[in-house]
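Chemist: A predicted structure for the sequence below; I have some questions about it.
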Amino acid sequence: MDTVTSTSASLTLTLPTLPVRTITASISVSSSLPLPRSHRQQRLYSQKRSFSNSSSSSVAVPRFTVSCGITEINESQFNVTVLKSERPVLVEFVATWCGPCRLITPAMESIAQEYADRLTVVKIDHDANPQLIEEYKVYGLPTLILFKNGEEFPGSRKEGAITKVKLKQHLDALLESISVT
């Protein structure tokens, strides 16, 4: 027990001692667990983390980046990459703030890989390329346009989010009509 004594008066006060508990926690993952899907989760789970109740501690959070398998072009590259291409080119007009654009990104990357031998897939940022947006009258995002021989292929324009299955059906029909003509 602690005792407090005052020098100004003859007062003695006895205080009970309270128990103090310190908690330290650590998180670790056993190697028998399946690996997480994303690279970011894999890095987070593979690192051992310790937490304390100290206000001066900080935890570093790894930066999350998205890599894309589709080439992004701008207005200066459009003429050579799209209009002068000998192959059909599927152009995706997108914006970083566009939710449906982000929604179809995995489908577009898959299409770019699956159709790599038949067409080229490129991406154009809506905000950075206003002349192209005006010239091709892109009113909704995302907008997909197939170009063949430097011109928009008739009936190829699609606006808004689309599933991978519907996109494949659309592209197969377009590519079949291109090969017939």
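Modeler: Yep, it's here. Numbers count the residues shown, from 1 in each chain.

Chemist: which residues in the chain form strands?
Modeler: Using DSSP state E, the strands found in the chain span residues 2-5, 12-15, 25-27, 49-51, 71-73, 89-94, 120-125, 143-148, 151-152, 158-159.

Chemist: tell me the phi and psi of the closest residue to Pro100 other than its chain neighbours?
Modeler: With Cβ to Cβ, 6 or more residues apart in numbering as the criterion, Pro100 has its nearest non-adjacent residue at 3.8 Å, and that residue is Ala161. (Glycine included, C-beta is placed from N, CA and C.) When quoted as degrees, to the nearest 10, the phi and psi of Ala161 stand at phi -70, psi 150.

Chemist: so what pLDDT did Ala161 get?
Modeler: Each residue has a pLDDT score; the one for Ala161 is 95.

Chemist: What about it, how many residues nearby?
Modeler: When counting by other Cβ atoms under 10 Å, one arrives at 17 neighbours for Ala161.

Chemist: Isn't it up against Thr143?
Modeler: No: assessed by Cβ atoms under 8 Å, Ala161 is found out of contact with Thr143, at 11.2 Å.

Chemist: Contacts only, for the residue nearest to Pro100.
Modeler: Contacts for Ala161 (Cβ atoms under 8 Å, 6 or more residues apart in numbering) come out as 100, 103-104, 142.

Chemist: Out of those residues, grab the one that's most surrounded.
Modeler: Neighbour counts for the contacts of Ala161, by other Cβ under 10 Å, peak at Pro142, which reaches 24 neighbours.

Chemist: Skipping its backbone neighbours, what lies nearest it in space?
Modeler: Computed as Cβ to Cβ, 6+ apart, the closest residue to Pro142 that is not its neighbour in sequence is Cys101, at 4.5 Å.

Chemist: Equivalent analysis for Phe147, please.
Modeler: Take Phe147 and drop its neighbours on the chain: the residue closest to it by Cβ to Cβ, 6+ apart is Val89, 4.7 Å away.

Chemist: which strand residues sit across from that neighbour in the sheet?
Modeler: Under DSSP bridges, the beta-bridge partners of Val89 are Thr120, Phe147.
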